[in-house]
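**Student:** Build me a model:
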Amino acid sequence: MGSHLLLGLLVLVLVVVCAQRSDSQSVAPAPAPDVGCNGVQLSYSLDRREKIRPFVSDPASQPYSFHATATVLNSGTTPLKSWSLLVAFRHDEILVSASGAVLTDASDFPYNTSGDATTSFSGYPNPDLLTPIATAGDLSLIQAQIDLVGTLFAPAPPYAPLPASLSLADPSFLCPPPSRASNASTLISTCCVPDPSFSPNATDAAALANSTTSFLPRRAGDLTISYDVLQAYPSSYLALVTIENHNPLARLDNWRLSWEWKRQEFIYSLKGAYPLEVDATGCVYGPQGQYYQDLDFSKVLNCQRSPVVLDLPLSRYNDSQLGLIPHCCRNGTILPKSMDPSQSVSAFQMQVFKMPPDVNRTVLYPPAAWKIAGGSDLNPDYACGPAVRVA
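**Tutor:** Down below sits the predicted model:
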């Protein structure tokens, strides 16, 4: 069976800043991990900030560009799977970029955090953190760092604009309020420990009871998108993407599915669906063209970092080149199971080419920032969660 990646979806659902000069604040490097933490250590370090225009008279409203590092370190005895870090920003931070993680709700950058109680980051490309015991303390396997760049509004130094709290989204962990070494410190940290009173639901308990599995239980959602790798080769793989409607009433018409490639992948071919734009220009003049010099890029369908894929019409179902994929070619219509279970699923297949250093059949990374929408005003809005490796 191929490796499965499942995304849960829930029904829901800016400012470009140029750094200039002055009032810079530098900080000391982050200290070593807390020797007293035998759980999951979370930390946030304000690495530097610089005053930027416009210059205003109200000190609390002055914008600063900032660089910060959030760290998740598993110091416990159980792997931390599909981790998500919750950060309670409190200085109207506008995030311009985040490396080492993605926004859990797949929002785009720049991202304004002022409307969030907590802003959630999910690990990518490393969603799982192993234990120090299983890895001989290899930091590359037990630690994840998120490098944040953005804008905040706060008084001048020595005031340190730090988040109010750090925590894990995993309800089985307790995370006390973060601590600071001193009022002048630009680093906060906390140690999250397992909650002894936490009781998983029946599905999670059954999955946890199987100690041989490295997969998480499937998550519920109004829609689920599964990304099933059917065949893997050193430089490419074949994936089946399946969209399933679990909402008892809502339907999708003319669905449009998009995601973001994080590792320079590109779509070579599709069956059961088609890209909104057919364009290989980005590959021909990019690093893909330099690496795959013998590949005929006239046959490549799409080289966009964020492709948009559409369903095919019914007339293409028996097309030997474009169709013949179960549940494909329905004009983008996905009905609720209460109306017609056979029409509640849509699927397509695609061949994806990879780039170094991932040219190995065992190295597989799912796309990130999944989004799906219908073509009708009557269709609900959806927010997609991060990919989770499941059984």
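**Student:** contacts, neighbours, all on C-alpha from now
**Tutor:** OK.
**Student:** what sits up against stretch 134-143?
**Tutor:** With CA atoms under 8 Å, 6 or more residues apart in numbering as the test, stretch 134-143 has contacts from 71-75, 129-132.
**Student:** Skip the chain neighbours and tell me the closest residue to Cys192.
**Tutor:** With CA to CA, 6 or more residues apart in numbering as the criterion, Cys192 has its nearest non-adjacent residue at 4.3 Å, and that residue is Cys175.
**Student:** Report the contact partners of the one you found.
**Tutor:** 166-168, 190-193.
**Student:** for Ala70, same thing?
**Tutor:** 42-45, 145-148.
**Student:** Out of the residues you listed, flag the one nearest to Ala160.
**Tutor:** Nearest to Ala160 among the contacts of Ala70: Ser45, at 10.2 Å, using CA to CA.
**Student:** Now do the contacts for the closest one.
**Tutor:** By CA under 8 Å, 6+ apart, the contact set of Ser45 is 30, 68-70, 186-188.
**Student:** which one of the residues you listed is nearest Phe215?
**Tutor:** Among those, Ala70 lies closest to Phe215 (CA to CA), at 25.7 Å.
**Student:** For beta bridges, what are the partners of that closest one?
**Tutor:** Residues in a beta bridge with Ala70, per DSSP bridges, are Tyr44, Ile146.
**Student:** And it, how far from Leu301?
**Tutor:** Ala70 is 38 Å from Leu301, where distance means CA to CA, to the nearest Å.
**Student:** re the thing from before, which one (most neighbours) among the contacts of Ala70?
**Tutor:** Leu42 (28 neighbours; other CA atoms under 10 Å).
**Student:** Need the phi and psi values for that residue.
**Tutor:** Note on Leu42: backbone dihedrals following degrees, to the nearest 10 are phi -110, psi 140.
**Student:** Verify the contact between it and Leu166 for me.
**Tutor:** Yes - the criterion here is CA atoms under 8 Å, and Leu42 meets it with Leu166 at 6.8 Å.
**Student:** Overlap in contacts, the two.
**Tutor:** Common neighbours of Leu42 and Leu166 (CA under 8 Å, 6+ apart) are 189-190.
**Student:** Low-confidence regions, the stretch 151-300 of the chain specifically.
**Tutor:** Applying pLDDT under 70 to the stretch 151-300 of the chain flags residues 201-214.
**Student:** Helices of that one, residue ranges please.
**Tutor:** Counting by DSSP state H, counting those that start in this stretch, one finds helices in the stretch 151-300 of the chain at the ranges 202-209, 281-284, 287-291.
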